[in-house]
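1. here is my input, please return the structure:
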Amino acid sequence: MPLKKKLIPTYMIIILAVVTPVILSIIALYIYGVQLGNKEHIYPNISIKGIDVSGFTRDEALQTLGLPEYQERIDNAEVKIIFPDYSELIITGNDVNLQHNARDLVSYAYSEGRGRGVMPDAISYLRRQRAYEIRFDIEFTLDEDILKDLVSAVAEEYNERLDASVPRIYEDHIVFTKGAGHVSADAFELTDLAYVGIFESFNEGSPVEIIYTLPETREFIEDILQVRDYVFVQMVSSEFDRRTNSATSSAIGVHFDPIEAARLVGEAEPGKTVAFDLIYTHPKYSQEELESLLFRDILGRRRTHASGTSNRLINIGISSEFINGLVLLPGEEFSFNEVVGPRSTARGFRTAPIIARGEFVPGIGGGICQTSSTLYAAIRPTELLVTERRPHGLPITYLPRGWDATVAWGLIDFRFVNNTNYPIRIEIELEERSLTAMVYGTIIDDFPVEAGWYLEESWYLEEYLNENPDENLETLGT
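-> Model prediction:
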């Protein structure tokens, strides 16, 4: 009897028809997943910085993104900040650890859809074929703390220099720093500038320079005025001091034009230095110059023989002492009567012959006319201005005719003016019977002309005595 075939149930056929493709698909998907895992390519629809890196290996993606160029730009990145005093703050990309995250992004891109197993990874890959694009953007960062520290240190150093930038006064000019003591470099602002500059340098591939300017200030006007007050020296010309008989101190005037200085500083940027000239005003005479001129020259001189009694010599000596050392300033007038004063016994004067009404008679102060006459004879050849002078009523023996000057208290005076530009000093002394008058001053441009030893009294006295043999030498003259 033949065997009967065992029939496969229909449901089993149906199950096999359904399960077999699934199993085959799973197997195929697994195999595909294994192949994907072996390829190490980035899944589809993934871009970095706008560049589609789908199907790239990590190295290929890094190369395509220009990673070597990025590193070169980081190495070359540099910002130079120039301060108003031309000092510089230089920061490089390496100083502040400038870096990018391109490697991390490539790793993220590569790991997208991976890591959950062969099958899930295969499914993820297939989904990425039609999924939305995943975009990564490269970020560049630096160490802000390091940047702040670098900037703060340089800003602090600059501000110390700026604060110490007091006006420097040189021989012929002043150097002034605008804003010193009023403005300072802002470390926060400088940090921002450096931050932007580093990235700008990275993007451009070359160093970047930034000119740093300080905020405007108007306090410089007050500073300029303070400097003016500090350097100002009033010009003082030396003058003759009658109390010390010497030249007073002199000073060269020092100042500058504050309006011009304000213009120059106003046009400069804060922190910049400008220079403006000092102006020196020299006095007409320095102390040394005037000292060298005072009483440098002999304007006039005369020596006469003092004859007569001892009383007469005493009177000549007293009157000479009142005059000796007298200084006349330019424009001042000498008055014999005012200087010598009244002739009285209380003041030491004695009785000696005087000329009165054309004859010799006894009188207090007799002989002082020789003092006035000798002084007149000393200045007569000069250009000193004689304002009052009268001759004696009788000839005198100690001077030629016309060279004498008589005086009488309250009636007749001998006066002259110092019409030079410098003081004059009168020295007149009696030594034994020789009366010498010297007038010292300063001869400039031959004025006044120095007097010589004109007409020595000896020949005239000898001639007079020869003509008048009966005259007594001890009683001649007043």
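2. where do the strands sit along the stretch 301-450 of the chain?
-> Taking DSSP state E, counting those that start in this stretch to define them, one finds strands in the stretch 301-450 of the chain at 326-328, 333-335, 351-356, 359-364, 385-388, 415-417, 424-431, 434-441.
3. one more: the stretch 151-300 of the chain?
-> Using DSSP E, counting those that start in this stretch, the strands of the stretch 151-300 of the chain run over residues 168-169, 173-177, 208-211, 240-241, 246-247, 253-255, 273-277, 279-281, 297-305.
4. circling back: ranking the strands of the stretch 301-450 of the chain by burial, who's on top?
-> When the strands of the stretch 301-450 of the chain are scored by mean count of other CB atoms under 10 Å, the highest mean neighbour count falls to strand 434-441 (a mean of 21). Where C-beta positions appear, they are placed from N, C-alpha and C, glycine not excepted.
5. kindly provide the whole-number mean pLDDT of that one.
-> For strand 434-441, mean pLDDT rounds to 95.
6. the closest residue to residue 191 other than its chain neighbours and residue 194: what is the separation?
-> Once flanking residues are discounted, residue 191 sits nearest to residue 151: 4.7 Å by CB to CB, 6 or more residues apart in numbering. For residue 151, the distance to residue 194 (CB to CB, to the nearest Å) stands at 6 Å.
7. of all the strands of the stretch 301-450 of the chain, which one is nearest residue 370?
-> strand 434-441 (6.3 Å; CB to CB).
8. what does that closest one contact?
-> 295-306, 316, 320, 370-371, 374-375, 377-379, 382, 384, 418, 420, 422-429, 448, 451 (CB atoms under 8 Å, 6 or more residues apart in numbering).
9. same check on stretch 208-228?
-> For stretch 208-228, using CB under 8 Å, 6+ apart, the contacting residues are 78-84, 167, 174, 176, 178-185, 190, 193-194, 197-198, 200-201, 255-256, 258, 261-262, 265-266, 269-271.
10. where does residue 90 land in three-state SS?
-> Assigned state for residue 90: strand (three-state reduction, DSSP: H, G, I helix; E, B strand; the rest coil).
11. and residue 391, backbone torsions?
-> Taking degrees, to the nearest 10, you get phi -80, psi 170 for the backbone angles of residue 391.
12. list the residues that contact it.
-> Here residue 391 is in contact with 401-402, 404-406 (CB under 8 Å, 6+ apart).
13. then residue 390?
-> Residue 390 touches 405-406, 412, counting by CB under 8 Å, 6+ apart.
14. residue boundaries of the helices in the stretch 251-400 of the chain?
-> Here the stretch 251-400 of the chain has its helices, by DSSP state H, counting those that start in this stretch, at 258-267, 287-293, 310-323, 336-340, 368-379.
15. now those helices as JSON lines including distance to residue 158 and mean neighbour count?
-> Shown next, in JSON lines, are the helices of the stretch 251-400 of the chain (distance: least, CB to CB, whole Å; neighbours: other CB atoms under 10 Å):
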{"stretch": "helix 258-267", "distance to residue 158": "20", "mean neighbour count": "15"}
{"stretch": "helix 287-293", "distance to residue 158": "47", "mean neighbour count": "16"}
{"stretch": "helix 310-323", "distance to residue 158": "74", "mean neighbour count": "21"}
{"stretch": "helix 336-340", "distance to residue 158": "73", "mean neighbour count": "19"}
{"stretch": "helix 368-379", "distance to residue 158": "74", "mean neighbour count": "27"}
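16. out of the ones you listed, flag the one nearest residue 156.
-> helix 258-267 (25.3 Å).
17. against residue 81, how distant is residue 209?
-> With CB to CB as the criterion, residue 209 and residue 81 are 8 Å apart.
18. distance check, the residue nearest to residue 253 when sequence neighbours are not counted against residue 434.
-> Excluding the flanking residues, the one nearest residue 253 by CB to CB, 6+ apart is residue 235, at 2.8 Å. When distance is defined by CB to CB, residue 235 is 47 Å away from residue 434.
19. mark which of the contacts of stretch 208-228 are buried, thanks.
-> Among the contacts of stretch 208-228, those classed as buried by 16 or more other CB atoms under 10 Å are 78-81, 83-84, 167, 174, 176, 178-180, 182-185, 190, 193-194, 197-198, 201, 256, 261, 265, 270-271.
20. what's near enough to touch residue 343?
-> Residue 343 touches 315, 349, 364-365, 368, 409, counting by CB under 8 Å, 6+ apart.
21. where does pLDDT dip in the stretch 201-350 of the chain?
-> Low-confidence segments of the stretch 201-350 of the chain (pLDDT under 70): none present.
22. so which of the contacts of residue 390 are in helices?
-> Judged by DSSP state H, the subset of these located in helices is empty.
23. tell me the one of the residues you listed nearest residue 443?
-> Nearest to residue 443 among those, with distances taken as CB to CB, is residue 405, at 23.3 Å.
24. just read off the phi/psi values of the closest one.
-> phi -150, psi 110.
25. for residue 55, see how far away it is.
-> Taking CB to CB, one finds residue 405 at 134 Å from residue 55.
26. then residue 345?
-> Applying CB to CB to residue 345 and residue 55 gives a distance of 143 Å.
27. then residue 257?
-> 79 Å.
28. same deal with residue 269?
-> 57 Å.
29. what of residue 101?
-> Per CB to CB, residue 101 is found 22 Å from residue 55.
30. what score does the residue lying closest to residue 199 once chain neighbours are set aside have for pLDDT?
-> Distances taken as CB to CB, 6+ apart put residue 140 closest to residue 199, at 6.7 Å, once the chain neighbours are dropped. At residue 140, the predicted lDDT confidence score is 82.
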